[in-house]
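>>> Sequence first, predicted coordinates after that:
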Amino acid sequence: GAVVSQHPSRVICKSGTSVKIECRSLDFQATTMFWYRQFPKQSLMLMATSNEGSKATYEQGVEKDKFLINHASLTLSTLTVTSAHPEDSSFYICSATGFLGANVLTFGAGSRLTVL
Amino acid sequence: AQSVTQLDSQVPVFEEAPVELRCNYSSSVSVYLFWYVQYPNQGLQLLLKYLSGSTLVKGINGFEAEFNKSQTSFHLRKPSVHISDTAEYFCAVTLNQGGKLIFGQGTELSVKP
């Protein structure tokens, strides 16, 4: 139980294009979803917190116009990296929290973005 | 604000040896504590968590951790490691269940035959 699916797992794009990453809770309703970024050999840094039906709350230093987050339903949040550049290349991980018999907090498998 | 410090960036050990991965946290209020494991190019898997109650927490894969409030520590231990335990380990804190996690820098555990 408490499965979070993240798609795509890997994506390569050209500089200047936009990329969308999806995060889905498969067997529970996710009241809140979190988006993290992880550079190689580094820890996870929280980018933003999204609640269904409301605007995401971004951490300090994260460009909200560059990293668009949409949480349109209780099972889906998307992160769109707009006008991607090589420095945006990273591992993006989502997590979702909700209730499935008990409070749950589950991570997706991550999405590796490579911008050429 | 809360913070987490993992004192060792890399821990090399031989197979079947015991291991301890250290984690200290800073917070002016009570927190919940977690240990996660990350295998290469994968997401995070929860090893164990401390919410309340007994300070010794047992998790998956033979790992356990002890919450020490006076020392603000939550060290992870395993009495005998396997090659398959080679991975990155993250300690994390949060103020409330289901809230945002603050992660430590990570400890790379490398188990050698």
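Received it, and whenever you're ready, just let me know what you need.
>>> Report the separation between the residue in chain A positioned nearest to chain B and residue A:1.
In chain A, the residue found nearest to chain B is residue A:97; the distance is 3.6 Å by CB to the nearest CB. For the C-beta atoms, the positions are set from N, CA and C on the backbone; glycine is no exception. Taking CB to CB, to the nearest Å as the measure, residue A:97 falls 14 Å from residue A:1.
>>> overlap in contacts of these two?
Common contacts of residue A:97 and residue A:1 (CB atoms under 8 Å, 6 or more residues apart in numbering or on different chains): residue A:104.
>>> If I look at the residue of chain A closest to chain B, what pLDDT would I see?
pLDDT, residue A:97: 90.
>>> cool, and residue B:2?
pLDDT, residue B:2: 83.
>>> circling back to that earlier point, list the residues that contact the residue of chain A closest to chain B.
With CB under 8 Å, 6+ apart, residue A:97 has these contacts: A:30, A:31, A:32, A:33, A:34, A:103, A:104, A:105, A:106, B:97, B:98, B:99.
>>> Is it within a helix or a strand, and which one?
In this assignment (DSSP states H and E), residue A:97 forms part of strand A:90-99.
>>> got the residues of chain B near chain A?
Within chain B, the residues that sit near chain A (CB under 8 Å from any CB of the partner chain) are B:36, B:41-45, B:90, B:97-106.
>>> Roughly how far does the residue of chain A closest to chain B sit from residue B:18?
Per CB to CB, residue A:97 is found 34 Å from residue B:18.
>>> one step back: tell me which residues in the strand holding residue A:97 are buried?
A:90, A:91, A:92, A:93, A:94, A:95, A:96, A:97, A:98 (16 or more other CB atoms under 10 Å in any protein chain shown).
>>> what does stretch A:43-58 give?
Residues of stretch A:43-58 classed as buried by neighbour count (16+ other CB under 10 Å): A:43, A:44, A:45, A:46, A:47, A:48, A:49, A:50, A:52, A:56, A:58.
>>> what does stretch B:17-30 give?
Neighbour counts over stretch B:17-30 (16+ other CB under 10 Å) mark B:19, B:21, B:22, B:23, B:24, B:25, B:27 as buried.
>>> what's in contact with it?
By CB under 8 Å, 6+ apart, the residues outside stretch B:17-30 that reach it are B:2-8, B:11, B:13, B:31, B:33, B:35, B:65, B:71-81, B:85, B:89, B:91, B:93, B:95, B:104, B:107, B:109.
>>> mind running it again at 7 Å?
B:2-8, B:11, B:13, B:31, B:33, B:72-81, B:89, B:91, B:93, B:95, B:104, B:107, B:109 (CB atoms under 7 Å, 6 or more residues apart in numbering or on different chains).
>>> gap between that stretch and the chain center?
Averaging C-alpha coordinates over stretch B:17-30 and over its chain gives two centres that are 7 Å apart (CA atoms, centre = their mean, to the nearest Å).
>>> Quick check: end-to-end length of it?
33 Å (CA to CA, to the nearest Å).
>>> For the helix or strand containing residue B:66, output the C-alpha coordinates as PDB.
For residue B:66, the element it lies in under DSSP H and E is strand B:64-68. In PDB, the C-alpha atoms belonging to strand B:64-68 read as follows (Å, rounded to 0.1, in the frame of the first residue of the first chain):
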ATOM      1  CA  GLU B  64      17.600  -0.200  14.300                       C
ATOM      2  CA  ALA B  65      18.100   3.300  15.700                       C
ATOM      3  CA  GLU B  66      18.000   4.800  19.100                       C
ATOM      4  CA  PHE B  67      16.500   8.200  19.900                       C
ATOM      5  CA  ASN B  68      18.500  10.100  22.400                       C
END
